[in-house]
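Undergrad: got a sequence here, can you build the structure:
(one chain, ligands or ions: 2)
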Amino acid sequence: MEKISIIVPCFNEEKALPLFYEELDKNIKKFPNNINFEIIFVNDGSNDDTLKIIKDLLTKDNRIKYISFSRNFGKEAAIYAGLENASGDYVTLMDADLQDPPSLLLQMYEAITKENYDAVGTKRVTRKGEPIIRSFFARLFYKIINKMTSFEMVDGARDYVFMNRQVVNSIISLKEYNRYSKGLFSFVGFNVKWIEYENIKRVAGETKWSFWKLTKYALEAITAFSTAPLTFASLIGLLFCIVSFLLIIAIIFKTLILGDPTSGWPSLVCIIFMVSGIQLFSLGIIGQYLSKTYLEIKKRPVYIIKDTNIE
Ligand code: UDP
Ligand code: MG
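TA: Residues are numbered from 1 along each chain as shown. Ligands and ions are numbered 1, 2, ... in the order given. Below you'll find the predicted structure:
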């Protein structure tokens, strides 16, 4: 019998979870009877009643599994824990806030089993309901990162994906500590079908992503998938060497021929400011990569499990 694993990262989702479960259950019923399901709730260190609600659901429904972290490790860690512990032939990732409509599940499953795709991704067609400035920076981010990487990161792509075992195993085999799931999904390749849908507001609770958190996430994605900023820093350095060399020659000639008296300390100050700014900026870029390398090299676990019902 075929089995589908549904992974749901949850961080303070006590309000949304019951609604999510009801909606999911309704849509699972649309599947043929000979398919098994496993719903893995990953409690990412919630400090509300999320875990209690999961355990309540568990008493009514034996398809439910849970993994509870020792603290908040972030959505990426929750996704990874889910993937590593899922036993299904197919695996899907869904947010607990119903922004990833369960009504698409059957369609996604059929795209893999009937249309021969390896995976199905979803993307939003519009960013309606999102602050304008957030949309602007999101678009900018995708423009920049797609210039820097050799594979395409789809603008508006969500973490809501449906994958066969081969794709899941490929993603698990990427053992990096700094995980950017959307990038990893694009990186492994395979034959992916994209389904589009309108942006949906979360049913209950609040988003955990502030603008600052998103900015950090974007920088993480860039350093995880591209070394272009390092090349950029080297090129700026080279450019400045050439410019300064030409300036030196020009000044020597000017002094020898025209006998120029000492002058121009304001311009000198400007130049010093600018050049040292660029130096610090480049050093910062190198620092970003160094810090990522540092974290990778420690080989710390991506998550720590406190409690689970998965053997
Ligand atoms: N989430 C998580 N750990 C976190 C932050 C979020 O597991 O540290 C989960 C959250 O419970 C939800 C999903 O990730 O199921 C998406 O989070 P959210 O809805 O806050 O993000 P948004 O949809 O606003 O991008
Ligand atoms: Mg959401």
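Undergrad: without its sequence neighbours, what residue ends up closest to Ile236?
TA: The spatial neighbour of Ile236 that comes closest, neighbours along the chain excluded (Cβ to Cβ, 6 or more residues apart in numbering), is Ile278 at 5.9 Å. For glycine as for every other residue, the C-beta is placed from the backbone atoms N, C-alpha and C.
Undergrad: what is the neighbour count of that neighbour?
TA: Around Ile278 sit 15 other residues, with neighbours defined as other Cβ atoms under 10 Å.
Undergrad: contacts only, for it.
TA: When contacts are counted by Cβ atoms under 8 Å, 6 or more residues apart in numbering, Ile278 is found next to 236-237, 240.
Undergrad: so which residues on the stretch 151-300 of the chain come close to ligand 1?
TA: The stretch 151-300 of the chain has residues 202, 207-209 near ligand 1, with proximity defined as Cβ under 6 Å from any ligand atom.
Undergrad: list only buried entries from the residues you listed.
TA: For these, a burial check counting by 16 or more other Cβ atoms under 10 Å picks out Arg202.
Undergrad: filter the residues of the stretch 151-300 of the chain next to ligand 1 by proximity to ligand 2?
TA: Counting by Cβ under 5 Å from the ion, the subset of these that neighbours ligand 2 consists of Arg202.
Undergrad: possible to save the residues of the stretch 151-300 of the chain next to ligand 1 as a markdown table with pLDDT?
TA: Compiled in a markdown table, these are given as follows (pLDDT from 0 to 100):
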| residue | pLDDT |
| --- | --- |
| Arg202 | 78 |
| Thr207 | 79 |
| Lys208 | 78 |
| Trp209 | 80 |
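Undergrad: out of the residues of the stretch 151-300 of the chain next to ligand 1, which comes closest to ligand 2?
TA: Checking those against ligand 2 by Cβ to the ion gives Arg202 as the nearest, at 4.6 Å.
Undergrad: so which strand or helix has the closest one?
TA: Counting by DSSP states H and E, there is no helix or strand that carries Arg202.
Undergrad: distance of Leu283 from Leu258?
TA: Here the criterion is Cβ to Cβ, to the nearest Å. By it, Leu283 lies 38 Å from Leu258.
Undergrad: look at those two and report which has more neighbours.
TA: Using other Cβ under 10 Å as the criterion, Leu283 and Leu258 rank with Leu283 on top: 12 against 8.
Undergrad: helix/strand/coil for the more buried one?
TA: Following DSSP: H, G, I helix; E, B strand; the rest coil, the label given to Leu283 is helix.
Undergrad: what sits against it?
TA: For Leu283, the contact set (Cβ under 8 Å, 6+ apart) is empty.
Undergrad: near ligand 2, which residues of the stretch 151-300 of the chain show up?
TA: Residues of the stretch 151-300 of the chain that fall close to ligand 2, judged by Cβ under 5 Å from the ion: Arg202.
Undergrad: what segments of the stretch 151-300 of the chain are helices?
TA: Secondary structure of the stretch 151-300 of the chain by DSSP state H, counting those that start in this stretch: the helices cover 165-172, 181-188, 211-225, 228-258, 265-298.
Undergrad: would you turn the ones you listed into a markdown table with distance to Asn43 and mean pLDDT?
TA: A markdown table is the format used below for the helices of the stretch 151-300 of the chain (distance: least, Cβ to Cβ, whole Å; pLDDT from 0 to 100):
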| stretch | distance to Asn43 | mean pLDDT |
| --- | --- | --- |
| helix 165-172 | 20 | 95 |
| helix 181-188 | 18 | 88 |
| helix 211-225 | 20 | 86 |
| helix 228-258 | 36 | 84 |
| helix 265-298 | 24 | 85 |
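Undergrad: and those helices, which is most packed in?
TA: With neighbours defined as mean count of other Cβ atoms under 10 Å, the helices of the stretch 151-300 of the chain peak in mean count at helix 181-188, which reaches a mean of 20.
Undergrad: report all helices and strands that that one contacts.
TA: With contacts defined as 3 or more Cβ pairs under 8 Å, 6 or more residues apart in numbering; DSSP states H and E, helix 181-188 has these neighbours: strand 157-164, helix 165-172, helix 211-225.
Undergrad: which one of those lies closest to Met1?
TA: With respect to Met1, and counting by Cβ to Cβ, the nearest of those is helix 165-172 at 14.4 Å.
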